[in-house]
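S.K.: this is a predicted model, with the sequence first.
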Amino acid sequence: MNRDTSGRYIGIHVRPRRFGFVVIENLTAIDTGVRTCGHGQFDDCLRQRFLRLLQLYRPSGIIIQALPLRNLSDGKKSVMNAVRKAASQCNIEILPVTAATVRRFFKKHNARTKQEIAEVVASILPELAWQIPPKRKPWQTEHHRASLFDAAAALTAYLLLDRDENN
Amino acid sequence: MTDRLPNYLRAQRKNTGLSQRELGFIVGYENEDAVGRHELSRSIPPLLIALAYEAVFRVPVSELFAGLCDAVESSIEARIAALEGKIALHAAEEVDRPADVTRKLQWLKNHRSAR
């Protein structure tokens, strides 16, 4: 079944205490970013930040990589709960996509590593091309923009996998 | 079909890598506050600023403010239909219709047909 790529969607990638996001409309990226809350009323702060995004963009759906709840850290659980509450408040559907689906989509494009996946994402969404993180050295932590490419990867895999498989 | 956003200023700005402050400087503001308000549709920019945005991004104002444009068009269509009805009603009661009334009705009809 080909998914409707003409609508507006928000893809998010959950990290402990923050999330990366990409908003696309008609397969064009119209906003990207990483939202975080350092401390204090963390859950509520993150929910408010996500709610503002939903109210601003009124997406048709929220695409998020499905996470196995039993092994989830407290930080990630908080983010997932914040996302669910905000989505429920705005009556917007959460559309989970599995890690296997994302891998399968990018395998078709000969992309396995995060860097290769980011480059494929940038070929699908050229608006993101200038934001590709530099290639990570083994001793370095992940670049802060990596999470928005993870979000974009889940989003493009969700929308385009069936189209690719039908072609 | 998804409704268009009131404006696509943020999308255009993000594509350039410019900050709100930098965009504000280019269009003539002292700080980023007004650009932020425009992006979030908390206020509508004055005409000259809207034209400045068009000059910066090389995208027509009607596309930059697509959702707003759609709302205005919708409202205009409704008011044109109402005016056409009003003029046609008065024209029907007149024996000798003045030329300008005929002209108006023709223009209104053409405008409706062109949609």
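M.R.: Received the coordinates, thanks.
S.K.: skip the chain neighbours and tell me the closest residue to the residue nearest the centre of chain B.
M.R.: Note on chain B: the residue nearest the mean C-alpha position is residue B:69, at 3.7 Å, using CA atoms, centre = their mean. Of all residues not flanking residue B:69 in the chain, residue B:62 sits nearest, at 4.6 Å (CB to CB, 6 or more residues apart in numbering or on different chains). For the C-beta atoms, the positions are set from N, CA and C on the backbone; glycine is no exception.
S.K.: got the buried residues for the helix or strand containing the one you found?
M.R.: In this structure, residue B:62 is located in helix B:61-64 according to DSSP states H and E. Taking 16 or more other CB atoms under 10 Å in any protein chain shown as the basis for neighbour counts, the residues of helix B:61-64 that come out buried are B:61, B:64.
S.K.: who's in contact with that helix?
M.R.: Among residues not part of helix B:61-64, those counted as contacts by CB atoms under 8 Å, 6 or more residues apart in numbering or on different chains are B:7-9, B:12, B:50-51, B:53-54, B:57, B:69.
S.K.: got TSV for the residues you listed, with distance to residue B:24, pLDDT and secondary structure too?
M.R.: TSV is the format used below for these (distance: CB to CB, whole Å; pLDDT from 0 to 100; DSSP: H, G, I helix; E, B strand; the rest coil):
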residue	distance to residue B:24	pLDDT	secondary structure
B:7	15	96	coil
B:8	17	97	coil
B:9	11	97	helix
B:12	14	96	helix
B:50	14	97	helix
B:51	16	98	helix
B:53	11	98	helix
B:54	16	98	helix
B:57	14	98	helix
B:69	23	95	helix
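S.K.: now the buried members of these.
M.R.: Looks like those have B:7-9, B:12, B:50, B:53-54, B:57, B:69 buried, using 16+ other CB under 10 Å.
S.K.: quick check, nearest of these to residue B:93?
M.R.: For these, the residue nearest residue B:93 by CB to CB is residue B:69; the value is 37.0 Å.
S.K.: distance check, the residue nearest in space to the middle of chain A against residue A:117.
M.R.: Geometric centre of chain A, nearest residue: residue A:151, 1.9 Å, by CA atoms, centre = their mean. Taking CB to CB, to the nearest Å as the measure, residue A:151 and residue A:117 are separated by 12 Å.
S.K.: how about residue A:96?
M.R.: Relative to residue A:117, and taking CB to CB, residue A:96 is found at 19 Å.
S.K.: these two - which one has more neighbours?
M.R.: residue A:117 (22 against 13; other CB atoms under 10 Å in any protein chain shown).
S.K.: check which helices and strands the helix or strand hosting the more buried one sits against.
M.R.: Counting by DSSP H and E, the element that carries residue A:117 is helix A:114-124. For helix A:114-124, the helices and strands in contact under the criterion 3 or more CB pairs under 8 Å, 6 or more residues apart in numbering or on different chains; DSSP states H and E are helix A:99-108, helix A:146-166.
S.K.: can you say which of the ones you listed is nearest to residue A:127?
M.R.: helix A:146-166 (10.0 Å).
S.K.: could you list the low-pLDDT ranges of chain B?
M.R.: Using pLDDT under 70 as the threshold, the predicted model of chain B has low-confidence ranges B:1, B:115.
S.K.: spit out the contact partners of residue A:143.
M.R.: A:133-134, A:136.
S.K.: what about the closest residue to residue A:105 other than its chain neighbours, neighbour count?
M.R.: Counting by CB to CB, 6+ apart, residue A:157 is the residue found nearest to residue A:105 once chain neighbours are left out, at 3.8 Å. Using other CB under 10 Å, residue A:157 has 25 neighbouring residues.
S.K.: so residue A:157 touches residue A:99, yeah?
M.R.: No: under the criterion of CB atoms under 8 Å, residue A:157 lies out of contact with residue A:99, with a separation of 9.7 Å.
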